[in-house]
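Trainee: Pasting the sequence and the predicted model now:
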Amino acid sequence: MHHQLTGSSPESVDDEWIAIIDDDESVRHSLARIVRARGIRAQTFASAEDYLGRDAESQPCCLVLDVQLGGLSGFELCDHIAARGDRLPVIFMTAHDDIASTQLAFRSGSCGYLRKPFYADALLALVLPHLAWTRSEQSVR
């Protein structure tokens, strides 16, 4: 189990982070590097089980989640999160794009769906609004 919280800048909020969940280490590393370059903190997980077993002191602003993982799938992880009563924005990504997966992703409330390989700008366009949403939610409290 490998977790890495990376990235910070003067503009980032200390408790604001995203979770990247993918069973491919090179994908996790690349995505964390992309968001870190924008000052976004990211914690990476190799599996849905790793994410569920983390020390949950804080919730991520959003999940960047692979559809097909070893063990629980990305969709099954979303079911577990929903069963706990948590509402998290989810950006699904997959190298095995098919109509059934696309439909499942959007039925599950996904806020984005990326087909691998994808451009860094496509990922950031989906992640950044959730960081702003979190900041506005925190200012209301």
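Mentor: Here it is on my side, so go on. Residues are numbered from 1 along each chain as shown.

Trainee: give me the low-pLDDT residue ranges for the protein?
Mentor: 1-14, 132-141 (pLDDT under 70).

Trainee: my guess is residue 101 contacts residue 67, does it?
Mentor: Yes. Shown here, residue 101 and residue 67 form a contact pair, counting by C-beta atoms under 8 Å, at 5.5 Å. C-betas here are computed from N, CA, C, even on glycine.

Trainee: count of residues packed around residue 62?
Mentor: Residues within reach of residue 62, counting by other C-beta atoms under 10 Å, total 24.

Trainee: gap between it and residue 127?
Mentor: From residue 62 over to residue 127 the distance is 6 Å, taken as C-beta to C-beta, to the nearest Å.

Trainee: okay, and the common contacts of residue 101 and residue 67?
Mentor: 92, 94 (C-beta atoms under 8 Å, 6 or more residues apart in numbering).

Trainee: Residue 22 - nearest residue in space that isn't next to it in sequence?
Mentor: Closest residue to residue 22 apart from its sequence neighbours, by C-beta to C-beta, 6 or more residues apart in numbering: residue 66 at 4.2 Å.

Trainee: One more: residue 29?
Mentor: That would be residue 44: by C-beta to C-beta, 6+ apart, it lies 7.6 Å from residue 29.

Trainee: Can you give the strand pairings for the helix or strand hosting the one you found, parallel or anti for each?
Mentor: Per DSSP states H and E: residue 44 is located in strand 41-45. Partner strands and pairing direction for strand 41-45 (DSSP bridges) are strand 5-6 (antiparallel), strand 17-21 (parallel).
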